[in-house]
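Student: I'll drop the sequence and a predicted model, then ask my questions.
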Amino acid sequence: MELAVLTNAPIAIIIIYIYIKDKYEKEPKKLLLKTFLGGAVISVIATILISTIANKAFPLSDSFSLFQQFVKAFVVVALVEEFSKYLIVRYYAQKKEAFNEPFDGIVYAVMVSMGFAFTENILYVLDGGFYTALARAFTAVPAHATFGIIMGYYMGIAKFSKYKIRYNLLGLLYATLFHGAYDYFLFINFIPGIWIGAALSLIIGIVLSRKAIKKHQDRSQFRY
């Protein structure tokens, strides 16, 4: 029971936080749940399938190669995972009538990301136990949230812009870059102290996420 709470509480806290930050026009709870489940199931399945292809296309033959770890972090992991989340936001949530202000991009992208993190958490915690759950509560889960906020910021702009493709792809690009940077510093753990780079990238992501939230709150047509 305690392990289940530790595994899921960070996800619930982030979802509640984003829901509260959606000040002016709340999203339908049923749609939020469906988006969360899309992240938890469809995005995970897509990640597994695409990762299988990516691992064959970019085989890792030297775990101490900085370049190979770079490719693994940015392409095999970050791009694949963020693209799998992007698909749900782009082809499901963004098409809904309820997606009617820029902030909704953040809301739905975070819901997808937290769904993904939910399933990922279960898989990791089943293998690693209490300390894995504790570590992920302060690292991987908030990291997925920041990737979602960054992606959703641009996808929220895209919905109401004539440059829809450009802004949607910018969301995918920046989420991938932040995700890749975070993972890369963790993957090259054979360099002492390099994990600090992951911590810094997460902190930067959080700072930018807070600014993105504020900007889209200010852009809401429901504000007045």
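Tutor: Yep, that arrived. Numbers count the residues shown, from 1 in each chain.
Student: okay, residue 53: pLDDT?
Tutor: Looking at residue 53, its pLDDT is 95.
Student: Packing partners of the strand or helix carrying it?
Tutor: Residue 53 belongs to helix 43-57 when assigned by DSSP states H and E. Here helix 43-57 touches helix 80-91, helix 103-128, going by 3 or more CB pairs under 8 Å, 6 or more residues apart in numbering; DSSP states H and E. C-beta: built from backbone N, CA, C; applies to glycine.
Student: how about these, which one is nearest residue 2?
Tutor: Proximity of those to residue 2 was assessed by CB to CB; the nearest stretch is helix 103-128, lying at 11.7 Å.
Student: and the next element down the chain from the closest one?
Tutor: helix 130-138.
Student: Run a quick neighbour tally on residue 142.
Tutor: 20 (other CB atoms under 10 Å).
Student: how close does it sit to residue 205?
Tutor: Relative to residue 205, residue 142 is positioned 8 Å away (CB to CB, to the nearest Å).
Student: one step back: contacting residues around the helix holding residue 53?
Tutor: 75-77, 80-81, 83-85, 87-88, 112, 115-116, 119-120 (CB atoms under 8 Å, 6 or more residues apart in numbering).
Student: buried sites along that helix?
Tutor: Residues of helix 43-57 classed as buried: 43-44, 46-47, 50, 54 (neighbour count, 16 or more other CB atoms under 10 Å).
Student: just the angle between that helix and helix 103-128, please?
Tutor: 70 degrees (axes from the mean of the first three to the mean of the last three CA atoms, to 10 degrees).
Student: Centre of the chain to helix 43-57, how far?
Tutor: How far helix 43-57 lies from its chain's middle: 17 Å, per CA atoms, centre = their mean, to the nearest Å.
Student: now do stretch 28-41
Tutor: 14 Å.
Student: CA-only coordinates of that stretch in CSV, if you can.
Tutor: Output in CSV follows, covering the C-alpha atoms of stretch 28-41 (Å, rounded to 0.1, in the frame of the first residue of the first chain):
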residue,chain,number,x,y,z
PRO,A,28,-14.0,18.1,-19.1
LYS,A,29,-12.9,15.4,-16.5
LYS,A,30,-13.9,12.6,-18.9
LEU,A,31,-11.7,14.0,-21.6
LEU,A,32,-8.8,14.4,-19.2
LEU,A,33,-9.2,10.8,-18.1
LYS,A,34,-9.2,9.6,-21.7
THR,A,35,-6.1,11.6,-22.5
PHE,A,36,-4.4,10.2,-19.4
LEU,A,37,-5.3,6.6,-20.4
GLY,A,38,-4.0,7.4,-23.9
GLY,A,39,-0.7,8.2,-22.4
ALA,A,40,-0.7,5.2,-20.1
VAL,A,41,-1.6,2.7,-22.8
